[in-house]
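Undergrad: sequence and predicted structure are below.
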Amino acid sequence: QVQLVESGGGLVQAGGSLRLSCAASGLIFSNVFMAWFRQGPGKEREFVAGVRSGGSSLMYLDSVKGRFTISRDNAKNTVYLQMNSLKPEDTAVYYCAAKYWTASRNVDDYRYWGQGTQVTVSS
């Protein structure tokens with residue numbers, strides 16, 4: 001049974017930082033592409049960042065480039081999202097997602113999802 005469990009969300013002031021973690025189980029972690037998505041109030045779920053199994057290929061939403069960093073630790077079956085210089089428009093529920101093999105920004109391509117963690121950025 002696949003489980004993705006996010007942690008690290010919370011309330012932060014604009015300009016602050018948060019680090020999200022996603023612990024995976026039930027997957028062959030070294031074979032999966034890991035991603036973070038987010039869904040703001042009244043908005044569709046959107047791709048934020050993704051990382052290939054080797055950790056060397058990174059993908060980002062344009063609006064978070066230079067502020068967010070995705071990384072993974074295959075020994076711990078965990079993926080991270082370091083979020084710096086947070087803005088009120090980053091407020092959303094953040095979801096960890098996984099798919100085997102190929103990279104994708106498309107929400108419909110992901111079979112495995114976490115329950116989500118709320119990030120709220122106050123102005």
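TA: Thanks, I have it.
Undergrad: which stretches in the protein count as strands?
TA: 3-7, 10-13, 18-25, 32-39, 46-51, 58-60, 68-73, 78-83, 92-100, 112-113, 117-122 (DSSP state E).
Undergrad: what residues does the second one touch?
TA: Contacts of strand 10-13 with the rest of the structure, by C-beta atoms under 8 Å, 6 or more residues apart in numbering, involve 18, 86, 118-122. Bear in mind the C-beta positions are built from the backbone N, C-alpha and C, glycine included.
Undergrad: and those residues, which of them are buried?
TA: Buried members of these, counted by 16 or more other C-beta atoms under 10 Å: 18, 86, 119, 121.
Undergrad: surely the third one touches residue 89?
TA: No. Taking C-beta atoms under 8 Å as the definition, residue 119 is not a contact partner of residue 89, at 11.2 Å.
Undergrad: can you report how many residues lie near the closest residue to residue 93 other than its chain neighbours?
TA: For residue 93, ignoring the flanking residues on the chain, the nearest one in space by C-beta to C-beta, 6 or more residues apart in numbering is residue 116 at 4.3 Å. By other C-beta atoms under 10 Å, 18 other residues sit near residue 116.
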